[in-house]
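[1] Sequence first, then the predicted structure, then my questions.
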Amino acid sequence: MTLPRPLSRLLPLLCLLLSAPFVRSAAAGIPELWAERCACAVAVEFLVEAETERRENSSFGTVVDKEGLIMLPPVAINLRHTPQQLKQFKVYLPGESEPTDAVYLGVDSLSGCHFVRVGEAARAKLRPVTDFIPEGKVPAVGLTEEVWGLGLRGKEEDFIPYVMMSRIALINRLPQETAIAQQEITAPGLPVFNVRGEFVGIGLSSFGQSYIQFSRTERGGVPVMLVNVEETSAFLTAAESIPQFTRVPGSPFGRPMAWLGAFGLQAVDTEVARFLKLGNQSAAVIGEVLEGSPAEKAGLKERDVIVAINGTPLPRFRPDRSVATHIDRIVDGAKPGEVLTLTVLRDGQRLSMPATLTDSPKLAREASRRYFERLGFTGRECVYSDAILRRAKAAEALGLVAHFVKPGSPAASAGLQQEDWIKEIDGVEIKAPEEAFERLAAIEKDGTRNDFVLLVSRGGDTNILRVKLK
């Protein structure tokens, strides 16, 4: 039946009026729910001891257990900083000016989240977000559902909490299930709740929004990307967030970390997938199989197309590129010693390739390093990933990497740049980092020394740099 035109125009208004009492009644209890759930949110402050300065940093986190465990978002701490550089962790409760000491536990290799544990003095005032998960049920969210979350003002305002509300506009797998609201509803790292006060997710880093900027003096518009770093409209759903709460790292570096060694995964686009008769699923092409890796030992090859893992076809993702992250997460969620069976397409054949994962090679943030103040740079041990990025064999991963170059220093004036691969010092090839550190320390200590020479590789080119000390 077709409604008369005047009534069809009134129908949306009638629906809104009919639903308004429910919305008002649901929202009416949020001030009480909000006051109780503020104890789930904290601000975490810490110092980073860099080569030339001590920088104060802060982030927001969610309390996830009764023992004062706090989870921070991946963006909270730059992984260029080693755990040894992270100092004086302190936790502020919303609206309070006096902090409580905390301890940094490390980073989870799967989620990228960081964990700290607050001292006992503050735990009684905290409330784990798990208290707001119905027993035996993980709350889900649906399109147009109203949700709300917390924000915290800055330190100068004692991190006063405030509330944000919106409705769900989109739910998608990126590759984790992610909900996006119509407007900002929380801060990155802080919880999101439904109108019943049930925990439904954790805020992600803000998604950039594209705008066109017009000028009165110039023709056309200039694309502009705006990112709100303090608030976000996107959050990881409870089903994805809750498993992360128990992934407390065994070490500050996040070890153990499983490693496969299938590098440069690229999503198979729709047309190629159709040609390969993949149906309604995603797939990924291996860009490179790393030397000595479990992938190489399993017989995987460059250009193999991964279509399933442990017998389960890869889901269909939009955008396509999310499939590469999905595979990485499966590997990161495993443990060294586990076997992953990858089903690949190669030359028209479907092959099953079991790969036994091993512990990851040493990471750059685990590498030994030393700062030479007079010379003006930090040298870092060259690790496996450095060789891969520079298209060298693992056995050739010798020398040092310039981790930091002080502006205006002798090293900077000579042209040394961050990430330069230092292969020789005064014509002597670097074979071990400790030997290089000793040689540089002797140069720095020698007050009569006028200069020294570095041979460095940058972008495949070799350069000789004369560093003048006087």
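    It's in.
[2] ranges for the strands of the stretch 351-470 of the chain?
    Along the stretch 351-470 of the chain, the segments classed as strands by DSSP state E, counting those that start in this stretch run 358-359, 369-372, 377-381, 400-405, 421-425, 428-429, 451-458, 461-468.
[3] So which other helices or strands are in contact with the fifth one?
    To tie it back to what came earlier, the one meant is strand 421-425. strand 400-405, helix 433-445, strand 451-458 (3 or more Cβ pairs under 8 Å, 6 or more residues apart in numbering; DSSP states H and E). Heads up, the C-betas are built off the backbone N, CA and C, glycines and all.
[4] for whichever strand in the chain runs longest, packing partners?
    The strand that spans the most residues within the chain, counting by DSSP state E, is strand 161-173. Using 3+ Cβ pairs under 8 Å, 6+ apart, the elements in contact with strand 161-173 are helix 30-37, strand 146-152, strand 177-181.
[5] now those in JSON lines, with mean pLDDT, distance to Phe193 and mean neighbour count?
    Formatted as JSON lines, those follow (pLDDT from 0 to 100; distance: least, Cβ to Cβ, whole Å; neighbours: other Cβ atoms under 10 Å):
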{"stretch": "helix 30-37", "mean pLDDT": "90", "distance to Phe193": "6", "mean neighbour count": "15"}
{"stretch": "strand 146-152", "mean pLDDT": "95", "distance to Phe193": "6", "mean neighbour count": "23"}
{"stretch": "strand 177-181", "mean pLDDT": "95", "distance to Phe193": "12", "mean neighbour count": "21"}
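[6] I'd like to know how far Ala284 sits from Ala262.
    According to Cβ to Cβ, to the nearest Å, Ala284 and Ala262 sit 9 Å apart.
[7] list residues touching both of these two?
    Taking Cβ atoms under 8 Å, 6 or more residues apart in numbering as the contact rule, Ala284 and Ala262 both touch Ile306, Ile327.
[8] Next, count neighbours for the closest residue in space to Asp332 that isn't next to it in sequence.
    Among residues not flanking Asp332 along the chain, Leu110 sits closest, at 4.3 Å (Cβ to Cβ, 6 or more residues apart in numbering). Each residue near Leu110 was counted by other Cβ atoms under 10 Å, and the total is 20.
[9] can you confirm Leu110 is in a strand?
    No. According to DSSP: H, G, I helix; E, B strand; the rest coil, Leu110 belongs to no strand; its state is coil.
[10] who's in contact with it?
    Gln244, Arg247, Arg329, Asp332, Gly333.
[11] now do Glu291
    Lys393, Ala394.
[12] which SS class is it?
    Going by three-state DSSP: Glu291 is coil.
[13] which of the contacts of Leu110 count as buried?
    Buried by 16 or more other Cβ atoms under 10 Å: Gln244, Asp332, out of the contacts of Leu110.
[14] Val307: which of the contacts of Leu110 is nearest?
    Set against Val307, the nearest of these by Cβ to Cβ is Arg329 (17.0 Å).
[15] just checking, that closest one touches Gly112?
    No. If you go by Cβ atoms under 8 Å, Arg329 and Gly112 don't touch, sitting 10.3 Å apart.
[16] List phi and psi for the residue nearest the centre of the chain.
    Most central in the chain under Cα atoms, centre = their mean is Pro74, positioned 4.0 Å from the mean C-alpha point. The phi/psi pair for Pro74 (degrees, to the nearest 10) reads phi -60, psi -30.
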